[in-house]
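Chemist: Here's a sequence, model it:
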Amino acid sequence: MRPGFAVHGPGASARIPGGTGEFPVYYKALGTPVGGELVKIAFEEGQMVKAGDLLAEIDPRSYQNALLQAQGTLMQNQAQLKNAQVDVQRYRDLYAQDSIAKQTLDTAEALVLQYQGTVKTNQGAVDDAKLNLEFTKIRAPISGRVGLRQVDVGNLVAANDTTFLAVITQTQPISQQATGVLQSLDNQIDVTTGTLKFKARFDNKDQALFPNQFVNFGNTGTFVYVLDGDKKVKVQPLVVGDTDGDNTVIKEGLKAGDRVVLEGTDRLRDGSEIEVVNDSSEVPTTPTEHLQGKPAAKGRPAPPPARRKGRFMNLSRLFILRPVATTLSMLAIVLAGIIAYRLLPVSALPQVDYLTIRVMTLYPGASPDVMTSAVTAPLERQFGQMPGLTQWRPPALAVRRC
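Modeler: Take a look at the predicted model:
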């Protein structure tokens with residue numbers, strides 16, 4: 001075999017790689033908005049059911065009685081309404097004959113409206129009682145497979161209890177991430193794996209897939225990229241034999257003279273275009289040795305730098321291929337900077353003599369008040385208006401009388 005080093009070209013075709021998928025499914029927890037004693041269970045654990053199938057029943061007797069009470073109250077108020085309507089008709093005839101006051105007719109009509117509102121309220125109570133009676137029969141909300149039941153016949157079931165009777169899981173159809181007939185894709189990259197999730201849909205008619213099941217798909221087993229001509233590679237499955245840790249026996253998949261890719265395989269796909277930049281004389285001699293940095297064979301000129309579509313290797317790739325040399329160079333640059341900083345010439349601040357202005361005035365025969373108003377105050381105002389003046393010391397007054 002003659003292995004080589006491959007560079008992935010831009011003309012390569014794309015293919016979805018293998019991986020692991022997860023099956024998100026629809027499920028429904030069986031609960032009930034009414035409570036009571038569980039008197040019947042009509043399903044077997046693991047049974048396939050259809051939407052609307054009867055699964056369990058709660059004792060309906062108390063709800064039947066509540067319905068009868070609501071219906072009786074409704075009938076009573078309906079009779080009162082009918083009687084009030086008959087009275088209104090009589091009062092209208094009497095009022096037309098001017099036999100009763102208008103207030104009597106108005107009161108009768110208001111009573112009819114009152115009974116009409118009561119009847120509507122009673123009708124709502126009857127409908128609510130019928131709904132509660134229907135809730136005593138627990139039916140499958142979706143089609144799927146029933147899981148393990150959590151309660152038995154004779155247990156008391158509370159309304160909206162957190163302990164469900166069972167869970168129905170929809171398995172037809174079923175969704176799977178990553179492969180299949182593409183249905184949707186995620187809107188962000190998974191930072192833990194650096195991948196984008198896809199969701200596909202399967203009919204699952206043979207019930208081969210189950211909820212929360214993980215499967216492997218794509219390429220299976222050991223394979224290598226073999227040169228198919230001079231520019232493209234193909235995926236070649238292998239049958240491996242015994243190994244001693246460093247060497248492995250290849251039983252099937254390769255033959256003498258095949259050229260396989262040793263590095264850069266993470267960027268390759270089946271049918272990718274490549275450019276071989278190392279020949280068979282420059283391959284590693286041991287499994288732990290890499291192609292990068294290996295000297296050329298004696299009597300041969302050094303191979304040209306790795307190229308991608310006719311361009312020379314950039315400077316950043318050189319640092320990537322020489323991590324130890326890059327680290328030592330960075331340390332040397334930092335050390336040289338520290339030494340140069342300590343040797344930089346630094347001069348002390350120069351001594352500067354600042355300009356000082358002294359004013360002396362003589363005012364023979366003047367008193368201290370006169371000196372302050374006639375000399376000191378005008379000088380302070382004038383010096384305060386001078387630009388650049390940073391310090392001012394009031395003058396000392398020396399008064400001498402002659």
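Chemist: which residue ends up closest to the midpoint of this structure in space?
Modeler: Residue closest to the average C-alpha location in the chain (C-alpha atoms, centre = their mean): Gln188, at 7.3 Å.
Chemist: And that one, which helix or strand is it part of?
Modeler: Take DSSP states H and E as the rule and Gln188 turns out to sit in neither a helix nor a strand.
Chemist: next one: Val224
Modeler: Under the criterion of DSSP H and E, Val224 resides in strand 223-227.
Chemist: List the buried residues for that strand?
Modeler: For strand 223-227, burial by neighbour count (16 or more other C-beta atoms under 10 Å) applies to Val224, Tyr225, Val226, Leu227. All C-beta spots, glycine's among them, are computed from the backbone N, C-alpha and C.
Chemist: Give me the sheet partners of the helix or strand just after that strand and which way each runs.
Modeler: Going down the chain from strand 223-227, the next helix or strand is strand 233-237, by DSSP H and E. Sheet pairing for strand 233-237, assigned by DSSP bridges, gives strand 223-227 (antiparallel).
Chemist: Quick one: distance of the partner strand to the chain centre.
Modeler: Chain-centre distance of strand 223-227: 37 Å, with C-alpha atoms, centre = their mean, to the nearest Å.
Chemist: export that strand as CSV, just CAs?
Modeler: Provided in CSV are the C-alpha atoms of strand 223-227 (Å, rounded to 0.1, in the frame of the first residue of the first chain):
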residue,chain,number,x,y,z
PHE,A,223,-13.2,2.4,6.6
VAL,A,224,-10.5,4.3,4.9
TYR,A,225,-10.4,6.9,2.0
VAL,A,226,-8.7,5.3,-1.0
LEU,A,227,-7.5,7.3,-4.0
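Chemist: any idea how far Ala336 lies from Val324?
Modeler: 19 Å (C-beta to C-beta, to the nearest Å).
Chemist: what helices or strands is the helix of greatest length in the chain leaning on?
Modeler: Counting residues, the longest helix found in the chain (DSSP state H) is helix 61-96. On a contact count with 3 or more C-beta pairs under 8 Å, 6 or more residues apart in numbering; DSSP states H and E, helix 61-96 meets helix 102-135.
Chemist: What is the subsequent helix or strand relative to the helix it packs on?
Modeler: strand 137-139.
Chemist: what lines up beside that following strand in the sheet?
Modeler: strand 54-58 (antiparallel).
Chemist: For the partner strand, buried residues please.
Modeler: Leu55, Ala56, Glu57, Ile58.
Chemist: residue contacts, the residue nearest to Tyr95 when sequence neighbours are not counted?
Modeler: Excluding its sequence neighbours, the residue lying closest to Tyr95 (C-beta to C-beta, 6 or more residues apart in numbering) is Leu105, at 4.8 Å. Neighbouring residues of Leu105 by C-beta atoms under 8 Å, 6 or more residues apart in numbering: Val88, Tyr91, Arg92, Tyr95.
Chemist: Okay, Leu105 and Ser272: tell me how far apart.
Modeler: Separation of Leu105 from Ser272 (C-beta to C-beta) stands at 97 Å.
Chemist: related to what we said a few turns ago, return the closest of the buried residues of strand 54-58 with respect to Lys137.
Modeler: Glu57 (5.4 Å; C-beta to C-beta).
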